[in-house]
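Colleague: turn this into a structure:
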Amino acid sequence: MFEAQSRPLTASAEPESEAVEALLRRCAAHDRKAFEELYRIAAPRLLACLLAILRKRDLAEEALQDVMVRVWQRAGQYDGYRGRPMAWLVSIARYHAIDQLRSRRPLVALDDGLAATLDDAGALAVIDAAESGRTHLALERCLGLLSPEQRRCLVLAYSHGCSHEEIASTLASPLGTVKSWVRRGLTALRRCLET
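Modeller: Predicted structure coming up:
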């Protein structure tokens, strides 16, 4: 009787918990079949959790793949005495989704004066549609401190999604120079925004 009470109540109270716990142990031993079964059982719940936080299906599906890789790598760290296995899996998904949200940088609007210095009519549409907020003035000030080339490269890269090669072609500048402008511009912008 003592042994039964020393096991976590949730693990024995729920047949699925026992199955997931056993699959995690097998995953820790690098059993690919167990991982496939774990994915089949856990993926729908984890995807629902990720969707609730990220709000976009494509982001949630990509995050699910990352989460399952983490589960495969960390399966040996699961400890049944700390809680149910699905709760452990959901916490991995939840923390990953929160990290994804923190790493995403929102677009911010720029005023017409600064936007005009970009000499790019297409950028104006993107800038007008971008979010505004407290970072508006800081970003405007920091972009104003960049050289025109750096500013233009950053707008083409981040507002239009242009590659370094496309920017070099658009600006009729050497690829190495464009890469340098982007790298130095990002460094200067980051430094300015942090102050």
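
Colleague: distance check, the residue most central in space within the chain against I53.
Modeller: Residue closest to the average C-alpha location in the chain (Cα atoms, centre = their mean): Q100, at 2.9 Å. According to Cβ to Cβ, to the nearest Å, Q100 and I53 sit 8 Å apart. Placement of C-beta: from N, CA and C, glycine included.

Colleague: and for E140?
Modeller: Counting by Cβ to Cβ, the gap from E140 to I53 is 31 Å.

Colleague: do C27 as well
Modeller: In this view, C27 and I53 are 24 Å apart by Cβ to Cβ.

Colleague: which of the two has more neighbours?
Modeller: C27 (24 against 16; other Cβ atoms under 10 Å).

Colleague: by contact count, what packs against the helix or strand hosting the more buried one?
Modeller: Here C27 is covered by helix 15-28, with elements defined by DSSP states H and E. Packing contacts for helix 15-28, counted by 3 or more Cβ pairs under 8 Å, 6 or more residues apart in numbering; DSSP states H and E, involve helix 9-13, helix 32-54, helix 57-74, helix 85-103.

Colleague: where's it relative to the chain centroid, distance-wise?
Modeller: 28 Å (Cα atoms, centre = their mean, to the nearest Å).

Colleague: please save the CA atoms from that helix in PDB.
Modeller: Only the C-alpha atoms of helix 15-28 are listed here, as PDB (Å, rounded to 0.1, in the frame of the first residue of the first chain):
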ATOM      1  CA  PRO A  15      -4.700   5.500 -18.300                       C
ATOM      2  CA  GLU A  16      -3.600   7.900 -21.000                       C
ATOM      3  CA  SER A  17      -1.100   9.500 -18.500                       C
ATOM      4  CA  GLU A  18       0.500   6.100 -18.000                       C
ATOM      5  CA  ALA A  19       0.700   5.500 -21.700                       C
ATOM      6  CA  VAL A  20       2.300   8.900 -22.300                       C
ATOM      7  CA  GLU A  21       4.700   8.400 -19.500                       C
ATOM      8  CA  ALA A  22       5.700   5.000 -20.900                       C
ATOM      9  CA  LEU A  23       6.200   6.600 -24.400                       C
ATOM     10  CA  LEU A  24       8.400   9.300 -22.900                       C
ATOM     11  CA  ARG A  25      10.600   6.700 -21.200                       C
ATOM     12  CA  ARG A  26      10.900   4.900 -24.600                       C
ATOM     13  CA  CYS A  27      11.700   8.200 -26.300                       C
ATOM     14  CA  ALA A  28      14.400   8.800 -23.800                       C
END
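
Colleague: contacts for it, please.
Modeller: For helix 15-28, contacts defined as Cβ atoms under 8 Å, 6 or more residues apart in numbering pick out 10-12, 33-35, 37-38, 41-42, 71-72, 75-76, 78, 80, 84-86, 89.

Colleague: go ahead and build a PyMOL selection from the buried members of those residues.
Modeller: Command for PyMOL, covering only those of the contacts of helix 15-28 found buried under the criterion 16 or more other Cβ atoms under 10 Å:
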select buried, resi 10+11+34+35+37+38+41+42+71+72+75+78+80+84+85+86+89
